[in-house]
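Student: Structure, please.
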Amino acid sequence: MYLADLMTELRGILSKNVSYSDIAKALNVSRQYINQIKEKELTTAQIEKIEKYFETKLSNNIITTIDDDCISIPVKGEVFASMGYGVTVYDERQTATYSISRKLVEDLGISKNKTEIIFAQGDSMLPTIEGGDSLLVDHTRTEIYDGKIYCVRIDGQLYAKRLQKIPPNTVRIVSDNSKYRSFEIDLSKEKTFDFQVIGEVRWWGRVAR
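Tutor: Coordinates of the predicted model:
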């Protein structure tokens, strides 16, 4: 996380101006040192010091540098995307972090600051995705491209589904498991439920069983 982004978030949380001098006090460093790190990503230790000084907690979606080759992505261990009948989001707190290489981030084309890991539940995306698999969701990728898998919210519940765009305004929700029927949502019509594309599932994986 860059210093400018951190200061913007702090100002929103505290509802007051936060200056570079304030950050220098929080880190117990000189104002000149702050000038030197303006264009660098803050370390986890630096962010924790700032949080302690201002007595607050920054966004769970922060991705911080842990070394030159890896970054740390937040894990929401209590958030599940259903592959069956839907899962309500109960707890969106960060429970852990996964470290992945910068090269993989580049290869996947994911946003470093708007990506998180949640988990799959159910069987409607078999054999592609199994229940318990980790899902890497990029929240900046909400535009629908045919055949890609997305995390979506339908009527307050999360799903991992393959989406197909049917011009001009219809989206087909598809399960890879043939025992689940696909269905369509006409975005041009007034709906009695909410529908939102949360982000594209850019990667999924599992522990060997």
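Student: from here on, contacts and neighbour counts on C-alpha atoms
Tutor: Fine.
Student: ranges for the strands of this structure?
Tutor: Applying DSSP state E to the chain gives strands spanning 64-65, 70-83, 87-88, 96-101, 115-122, 134-138, 149-154, 157-166, 170-174, 183-186, 195-205.
Student: Compare the mean pLDDT across those and name the weakest.
Tutor: Comparing mean pLDDT across the strands of the chain, the lowest value falls on strand 64-65: a mean of 44.
Student: So residue 150 sits against residue 158, correct?
Tutor: No: contact between residue 150 and residue 158 fails when scored by CA atoms under 8 Å: they sit 10.2 Å apart.
Student: Looking at those two, which one has more neighbours?
Tutor: Neighbours were tallied for residue 150 and for residue 158 using other CA atoms under 10 Å; the higher tally belongs to residue 150 (28 against 25).
Student: from the chain's centre, how far out does stretch 123-137 sit?
Tutor: For stretch 123-137, the distance from its own C-alpha centre to the chain's C-alpha centre is 17 Å (CA atoms, centre = their mean, to the nearest Å).
Student: Let's see it as PDB, backbone CA atoms only.
Tutor: Only the C-alpha atoms of stretch 123-137 are listed here, as PDB (Å, rounded to 0.1, in the frame of the first residue of the first chain):
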ATOM      1  CA  ASP A 123     -21.100 -28.900  -6.100                       C
ATOM      2  CA  SER A 124     -22.700 -26.900  -8.900                       C
ATOM      3  CA  MET A 125     -19.400 -26.000 -10.500                       C
ATOM      4  CA  LEU A 126     -18.000 -29.600 -10.600                       C
ATOM      5  CA  PRO A 127     -15.800 -30.800 -12.100                       C
ATOM      6  CA  THR A 128     -14.200 -27.300 -12.500                       C
ATOM      7  CA  ILE A 129     -14.400 -26.100  -8.900                       C
ATOM      8  CA  GLU A 130     -14.900 -28.200  -5.800                       C
ATOM      9  CA  GLY A 131     -16.300 -27.300  -2.500                       C
ATOM     10  CA  GLY A 132     -13.600 -25.900  -0.200                       C
ATOM     11  CA  ASP A 133     -11.500 -24.600  -3.100                       C
ATOM     12  CA  SER A 134      -9.800 -21.200  -2.700                       C
ATOM     13  CA  LEU A 135     -11.100 -18.500  -5.100                       C
ATOM     14  CA  LEU A 136      -9.000 -15.500  -6.000                       C
ATOM     15  CA  VAL A 137     -11.500 -12.700  -6.700                       C
END
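Student: List the buried residues for it?
Tutor: Neighbour counts over stretch 123-137 (16 or more other CA atoms under 10 Å) mark 123, 124, 125, 129, 130, 131, 132, 133, 134, 135, 136, 137 as buried.
Student: follow-up on the earlier one: could the strands of the chain be laid out in JSON lines, adding distance to residue 23?
Tutor: Supplementary listing: the strands of the chain in JSON lines, determined by distance: least, CA to CA, whole Å:
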{"stretch": "strand 64-65", "distance to residue 23": "17"}
{"stretch": "strand 70-83", "distance to residue 23": "23"}
{"stretch": "strand 87-88", "distance to residue 23": "38"}
{"stretch": "strand 96-101", "distance to residue 23": "25"}
{"stretch": "strand 115-122", "distance to residue 23": "26"}
{"stretch": "strand 134-138", "distance to residue 23": "30"}
{"stretch": "strand 149-154", "distance to residue 23": "37"}
{"stretch": "strand 157-166", "distance to residue 23": "38"}
{"stretch": "strand 170-174", "distance to residue 23": "47"}
{"stretch": "strand 183-186", "distance to residue 23": "48"}
{"stretch": "strand 195-205", "distance to residue 23": "33"}
